[in-house]
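**Q** Okay, predicted coordinates and the sequence, questions at the end:
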Amino acid sequence: MKMAASRVHARLFGVLGDPVDHSLSPAMQNAAFAAARLPHLYLRYRVAPPALEEALADARRLRMGGLNLTVPLKETALPLCDVLTAEARRIGAVNTLLFRGDRLVGDNTDGRGFLRALGDRVRLGGAHTVLIGAGGSARAVGAALVHAGCGRITVANRTPGRGEQLAARLATLGCPDTRAISLAGLAGGDPLADAALVVNTTPLGLGGARLALRHGASPPRCLFIDLVYGTQPTPFLAAAVRAGRATLDGGPMLLHQGALAFETWTGRRAPLAAMARALSDAGLVLTQPRAARSVRARRPPRP
């Protein structure tokens with residue numbers, strides 16, 4: 001009888017994106033469900049933006065428990081939600097979906113996950129951050145930086161219009177000293193001259209693509225973060241290491257935003273150790289940033 005009841009309550013969860021084959025969210029979330037003794041299953045689904053509305057309709061019919069969204073769906077999903085949390089509205093993007101009865105609730109755990117991953121590695125209060133990209137992940141990280149008291153933000157994006165839109169949004173959220181430049185504007189090195197933090201939110205690292213960036217033009221204690229994660233450093237981070245700068249990939253952020261999503265879906269405390277172990281077993285380094293120098297730091301305000 002207990003087994004039958006377990007089957008009745010089992011729910012399907014998943015991550016949608018394109019590309020999505022690289023995602024380690026299934027390993028992490030299935031480990032979390034097992035540790036919490038929940039009979040759920042988490043899978044990955046390749047979904048492009050034009051197919052998202054149909055995919056969400058299918059998820060409703062399947063009575064799925066919840067979903068994560070990765071690139072390039074985080075902004076596309078916003079108008080498809082019945083309800084948005086305050087965090088999702090503030091960011092303007094969604095990465096976590098919860099099916100609550102017939103209503104689709106959109107949330108965003110990226111910003112809080114980013115700050116937890118960053119921990120006390122950088123003094124954010126009054127600092128200058130260079131934010132590369134202007135998509136859903138950049139929106140979440142930018143909003144988190146504003147919340148943590150970042151003093152100045154430079155948004156560098158391939159299409160200037162989207163960069164300017166994000167810069168204007170971050171200024172409205174509370175960081176008036178925010179400006180947008182083109183990606184080409186990074187090549188000279190001037191925007192990095194006083195940066196405490198440089199964050200690449202684009203998926204370029206997935207394909208091994210390189211950014212024209214003079215890592216050595218930054219201060220010696222500047223921290224470089226790439227939200228792409230993997231068993232090897234992306235070209236963006238490898239160049240930072242060669243320049244003697246501290247680095248951090250997206251593995252710790254994946255862990256913490258995933259833990260927050262688990263708690264949203266289940267109402268239970270996330271089994272963080274089991275989730276971290278699953279990612280470590282997959283080859284991710286979650287403890288310390290790959291660094292040539294330490295970063296003097298103060299813990300930022302909690303999200």
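**A** Looks like it arrived, so ask away.

**Q** distance between stretch 260-268 and the chain's centre?
**A** Chain-centre distance of stretch 260-268: 17 Å, with Cα atoms, centre = their mean, to the nearest Å.

**Q** domain ranges for this protein?
**A** 2-108+253-281, 113-249 (automatic domain parsing).

**Q** got the residue ranges for the strands in this structure?
**A** 12-17, 41-46, 66-69, 83-84, 96-100, 103-107, 128-132, 152-157, 178-182, 197-200, 223-226, 246-248 (DSSP state E).

**Q** Any chance you could list what contacts the shortest one?
**A** Put plainly, it is strand 83-84. With Cβ atoms under 8 Å, 6 or more residues apart in numbering as the test, strand 83-84 has contacts from 78, 94, 100, 103-107. (C-beta placed from N, C-alpha, C; glycine too.)

**Q** strand partners of that strand, parallel vs antiparallel please.
**A** strand 103-107 (parallel) (DSSP bridges).

**Q** Same question for the fifth one.
**A** According to DSSP bridges, strand 96-100 has the following sheet partners: strand 66-69 (antiparallel), strand 103-107 (antiparallel).

**Q** Buried among the contacts of strand 83-84? Need that as a selection in PyMOL.
**A** Of the contacts of strand 83-84, the buried ones can be selected in PyMOL as follows, counting by 16 or more other Cβ atoms under 10 Å:
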select buried, resi 78+94+104+105+106+107
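
**Q** now, the most widely separated pair of the contacts of strand 83-84?
**A** Leu78 and Arg100 (17.2 Å; Cβ to Cβ).

**Q** Low-confidence ranges, the chain, go.
**A** Regions of the chain meeting the criterion pLDDT under 70 cover residues 1-8, 208, 287-303.

**Q** Find the residue at the geometric middle of it.
**A** Asp110 (4.4 Å; Cα atoms, centre = their mean).

**Q** still on that earlier bit, point out the most buried one among the domains of the chain.
**A** domain 113-249 (a mean of 20; mean count of other Cβ atoms under 10 Å).

**Q** and the end-to-end length of it?
**A** Criterion Cα to Cα, to the nearest Å; first-to-last residue distance in domain 113-249 is 13 Å.

**Q** likewise stretch 223-237?
**A** 10 Å.

**Q** cool, and stretch 81-100?
**A** Note: stretch 81-100 ends 11 Å apart using Cα to Cα.
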